[in-house]
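Colleague: Below: sequence and its predicted model.
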Amino acid sequence: MVGAGTNTTMEARKLRVVLYPSPGMGHLVSMIELGKHLAARALTVTVALIDSPHDTSATGPFLAGVSAANPSISFHRLPQVELLWSEPPVMLTFEVVRLSNTHLHDFLAGDSPAVIVLDFFCSAAIGVAEELGIPAYFFCASGAQILAFFLHLPVLHGKSTRSFGEEGDRHDVIDDSMRKEKINVIDDKWNQTCRLS
């Protein structure tokens, strides 16, 4: 039963989902594809954008095309943050995400979404969702094999005190296809990038 003064339009009943991709076109495209599926299920989707520390001049035209073709998907660009140091590109991404937490908090506090979906590389934002009481889910834009590998890293850390590089080519958990695509940054298990994973 609908009470007096209740807005019964379809738009009023739509739940809002915020998607939070890590900086970079590949993660943005994958997250928007997820957004299209959510929008097709009568959800309103807002993508919170972080400016990439790298030049992404293709982002503007891409977002304009997505907006025109998908009216249920909107974009909110978080204010740009200032990077005070230079690190390898993957570390810059983690740092930009971490520094953007205050801006994300302010946006989410005003937007009151039903849920937030965080890019796998935006794990630093989980505390923001927890603080605001917003259910949070992780989305991995990569394949299942690399996701399984990253999720297994804590087990590898616990098996040995030695660095992965000292283990040589003996990574019991890594199959041949993964070994061919060796990720050099994980050779040093104490490397900051490896710890963030």
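Modeller: In hand now; what should we look at? It should be emphasised that the depicted structure is a prediction, and the values quoted were computed from it without experimental measurement.

Colleague: okay, CA-based contacts and neighbour counts for the rest of this
Modeller: Fine.

Colleague: low pLDDT regions in the chain?
Modeller: Filtered on pLDDT under 70, the chain yields the residue ranges 1-13, 53-56, 85-87, 89-90, 163-197.

Colleague: Secondary structure element holding the closest residue in space to L83 that isn't next to it in sequence?
Modeller: The shortest distance from L83 to any residue that is not its chain neighbour, by C-alpha to C-alpha, 6 or more residues apart in numbering, is 7.2 Å, and that residue is V96. Following DSSP states H and E, one finds V96 within helix 89-99.

Colleague: so the residue most central in space within the chain bridges to which residues?
Modeller: Using C-alpha atoms, centre = their mean, the residue of the chain that lies closest to the mean C-alpha position is D119, 1.6 Å off. Beta-bridge pairing for D119 (DSSP bridges): F139.

Colleague: just to revisit the earlier point, next, work out how far apart the residue nearest to L83 and E82 are.
Modeller: 8 Å (C-alpha to C-alpha, to the nearest Å).

Colleague: Comparing the two, which residue is more hemmed in?
Modeller: When V96 and E82 are compared for neighbours, V96 comes out ahead with 21 against 11, by other C-alpha atoms under 10 Å.

Colleague: what sits against that one?
Modeller: I50, S52, P53, V81, L83 (C-alpha atoms under 8 Å, 6 or more residues apart in numbering).

Colleague: which pair in these spans the largest distance?
Modeller: I50 and L83 (12.9 Å; C-alpha to C-alpha).

Colleague: The two: who's more crowded?
Modeller: I50 (23 against 12).

Colleague: Test my guess that that one contacts F75.
Modeller: No. Assessed by C-alpha atoms under 8 Å, I50 is found out of contact with F75, at 10.6 Å.

Colleague: Tell me, how many residues neighbour P61?
Modeller: P61: 10 surrounding residues under other C-alpha under 10 Å.

Colleague: tell me the contacts of it?
Modeller: Contacts of P61 (C-alpha under 8 Å, 6+ apart): none.

Colleague: Please enumerate the strands of this structure.
Modeller: Using DSSP state E, the strands assigned to the chain run over residues 16-20, 44-49, 73-77, 115-119, 136-139.

Colleague: Would you mind giving the domain segments of this protein?
Modeller: Structural domains annotated on the chain: 12-139, 144-196, as defined by automatic domain parsing.

Colleague: for these, which one ends up most surrounded?
Modeller: Of the domains of the chain, the one with the most neighbours on average (mean count of other C-alpha atoms under 10 Å) is domain 12-139, at a mean of 17.
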